[in-house]
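S.K.: Output the structure for:
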Amino acid sequence: MRKFGLIGHPLTHSFSKKYFTEKFEKEGIEGCSYELYDIPNAHALEAILSENPEIEGINVTIPHKEDVIALMDDLDEACEEIGAVNCIHIQDGMRIGYNTDYIGFKNSLSSWLGPARPKALVLGTGGASKAVKQALKDLDIEFLSVSRTEDEDRITYEELASDAGIMKNYTLIVNTTPLGTFPNVEGIPAIPLEQVTSEHFVYDLVYNPAETALMKVCLTKGGKAKNGHEMLVLQAEAAWEIWNS
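M.R.: Here you go, the predicted structure:
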């Protein structure tokens, strides 16, 4: 039996388990299973792999995408640059870290925007934001990071709200935070919503619900909005390719 799985905490709902279980059934892929491993600490991965030597691939979600790097034997070149791992391939006892969030987001955003290259605001500073920022760089999209805390490489939500010129010039808003995820569907990042216009694009990495509170604001103003479902499908397929390479 080939085993795959997902580590994260909390794993109250999982796109990956549903996706891969259905994929195995639909495509007639036999002898494979996909399990959830809810671990509060990334280092608990050691025990999981020790108890399940048949595991060939692991997906990594919040909050372990950065901490898990220390447990890898090697990193894919792009993954090393991003600084976050969301996919692990275990082969001949070696653990190799990849970032398929990068692949999924870059391909999904590129096809959605077409030739347009609006400046972007990246909301959040977690592991997913690192993949998003690398994809934006590689697509030649200028961006600003926005966070609750001040730092030299980002602005705060307060600074964003106090300067109307920022929202006017940065018309692509990418939400990499979990705000708005089921069951807390009313959650919304603290951006100045009154400054959202029909010129704005919202790409929300949240996929459940399909239309987040942030997306609704943008759509109501006549803008365009997209959730993270396609990105997840693309990153899952990229992971499957890696595990079978």
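S.K.: The helix or strand bottoming out on mean pLDDT in the chain - contacts with which helices or strands?
M.R.: Ranking every helix and strand in the chain by mean pLDDT, DSSP states H and E puts helix 77-82 at the bottom, with a mean of 88. When contacts are defined as 3 or more C-beta pairs under 8 Å, 6 or more residues apart in numbering; DSSP states H and E, helix 77-82 packs onto strand 94-98, helix 100-113, helix 127-138. From N, CA and C alone the C-beta is placed, and that goes for glycine too.
S.K.: S198 - how many residues pack around it?
M.R.: The number of residues packed near S198 is 11, by other C-beta atoms under 10 Å.
S.K.: what's it sitting at in phi/psi?
M.R.: With angles defined as degrees, to the nearest 10, S198 sits at phi -70, psi -10.
S.K.: Could you do H200 as well?
M.R.: Backbone dihedrals for H200, given as degrees, to the nearest 10, come out at phi -90, psi 150.
S.K.: and it, how many neighbours does it have?
M.R.: 23.
S.K.: And C79, by the same measure?
M.R.: 25.
S.K.: give the contact list for it.
M.R.: By C-beta atoms under 8 Å, 6 or more residues apart in numbering, the contact list for C79 reads 85, 97-99, 102.
S.K.: would you turn those residues into a markdown table with pLDDT and distance to E66?
M.R.: Formatted as a markdown table, the contacts of C79 follow (pLDDT from 0 to 100; distance: C-beta to C-beta, whole Å):
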| residue | pLDDT | distance to E66 |
| --- | --- | --- |
| V85 | 96 | 8 |
| G97 | 97 | 11 |
| Y98 | 97 | 14 |
| N99 | 95 | 11 |
| Y102 | 95 | 14 |
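S.K.: can you pick the most crowded of these?
M.R.: Counting by other C-beta under 10 Å, top hit in the contacts of C79: V85 with 32 neighbours.
S.K.: Wait, that residue touches L75, no?
M.R.: Yes. With contact defined as C-beta atoms under 8 Å, V85 reaches L75; the gap is 7.2 Å.
S.K.: all strands in the protein, in order from the N-terminus.
M.R.: Applying DSSP state E to the chain gives strands spanning 2-8, 32-38, 55-60, 74-75, 87-91, 94-98, 120-123, 143-147, 155-156, 172-175, 201-204, 224-226.
S.K.: could I get these as JSON lines with distance to L193?
M.R.: Formatted as JSON lines, those follow (distance: least, C-beta to C-beta, whole Å):
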{"stretch": "strand 2-8", "distance to L193": "30"}
{"stretch": "strand 32-38", "distance to L193": "34"}
{"stretch": "strand 55-60", "distance to L193": "32"}
{"stretch": "strand 74-75", "distance to L193": "39"}
{"stretch": "strand 87-91", "distance to L193": "34"}
{"stretch": "strand 94-98", "distance to L193": "36"}
{"stretch": "strand 120-123", "distance to L193": "13"}
{"stretch": "strand 143-147", "distance to L193": "14"}
{"stretch": "strand 155-156", "distance to L193": "16"}
{"stretch": "strand 172-175", "distance to L193": "11"}
{"stretch": "strand 201-204", "distance to L193": "11"}
{"stretch": "strand 224-226", "distance to L193": "13"}
